[in-house]
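Undergrad: Quick one, fold the following:
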Amino acid sequence: MYVNKVTLYGNLTRDPELKALPGGNQVAEFSIATNRTYKDKAGAKQEEVDFHNIVSFGKQAEVIAQYLKKGRPIFIEGRIRTRSWESKDGTGKRYKTEIVLEQFQFGPSARDGASSTGGGTRPESQAPSAPAEKEEGGTGIQYPEEQINADDIPF
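TA: Modelled structure (predicted):
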């Protein structure tokens with residue numbers, strides 16, 4: 001069995017471009033940037049940035065084009081695909097490697113500080129439900145007051 005699976009979390013580097021295919025299906029193209037921080041041989045902190053081309057189809061493409069803009073974080077799952085074609089200017093064969101989106105989640109926005117879930121089917125304006133209130137005689141759910149900082153996560 002072979003596996004072609006990609007999982008990325010990054011920020012959009014440009015607004016998604018929504019286009020219609022000849023059959024009427026929608027396609028959205030955008031790119032995201034991911035980074036990693038490491039120490040070189042001399043012990044100096046280094047940062048490396050990678051850029052990824054993403055393509056999405058159908059309802060997911062429409063939702064992404066409607067709710068996501070440059071700079072917003074997104075968590076994606078998909079598969080790698082490399083396309084090739086002959087260039088029109090006669091310079092030879094051209095290649096483009098991209099990730100075909102299968103699932104996604106909105107990243108946290110500055111407005112609500114929480115991420116929306118559901119594979120991209122819930123609009124950003126619908127924030128996650130509020131914590132359960134205490135019922136008479138019950139304890140309810142107690143949520144911590146502090147926020148989790150992404151820098152505190154060890155991976």
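
Undergrad: Now do the buried residues in the helix or strand where residue 18 lies.
TA: Per DSSP states H and E: residue 18 is located in strand 17-20. If you call a residue buried by 16 or more other C-beta atoms under 10 Å, then strand 17-20 has these buried ones: residue 18. All C-beta spots, glycine's among them, are computed from the backbone N, C-alpha and C.

Undergrad: Can you name the element that comes right after it?
TA: Following strand 17-20 in sequence, per DSSP H and E, is strand 26-39.

Undergrad: who touches residue 29 in this structure?
TA: Residue 29 makes contact with 16, 17, 19, 53, 54, 55, 56, 98, according to C-beta atoms under 8 Å, 6 or more residues apart in numbering.

Undergrad: just checking, the fifth one touches residue 98?
TA: Yes: judged on C-beta atoms under 8 Å, residue 54 makes contact with residue 98 at a distance of 6.6 Å.

Undergrad: Compare these two (neighbour count), which wins?
TA: Higher neighbour count among residue 54 and residue 98: residue 54, with 23 against 17, using other C-beta atoms under 10 Å.

Undergrad: ok, now how distant is that one from residue 70?
TA: Distance check for residue 54 against residue 70: by C-beta to C-beta, to the nearest Å, it reads 13 Å.

Undergrad: ok, now residue 48?
TA: Residue 48 is 21 Å from residue 70, by C-beta to C-beta.

Undergrad: higher neighbour count, those two?
TA: residue 70 (12 against 9).

Undergrad: That one should be in a strand, yeah?
TA: No: counting by DSSP: H, G, I helix; E, B strand; the rest coil, residue 70 falls outside a strand, being coil.

Undergrad: Distance-wise, check it relative to residue 81.
TA: The gap separating residue 70 from residue 81 is 24 Å, by C-beta to C-beta.

Undergrad: Please apply the same query to residue 67.
TA: 24 Å.

Undergrad: okay, those two: which has more neighbours?
TA: Set residue 67 next to residue 81 and count neighbours by other C-beta under 10 Å: residue 67 wins out with 18 against 13.

Undergrad: how about that one, phi and psi?
TA: When quoted as degrees, to the nearest 10, the phi and psi of residue 67 stand at phi -110, psi -20.

Undergrad: How about residue 74?
TA: Dihedral angles (degrees, to the nearest 10) for residue 74: phi -150, psi 140.
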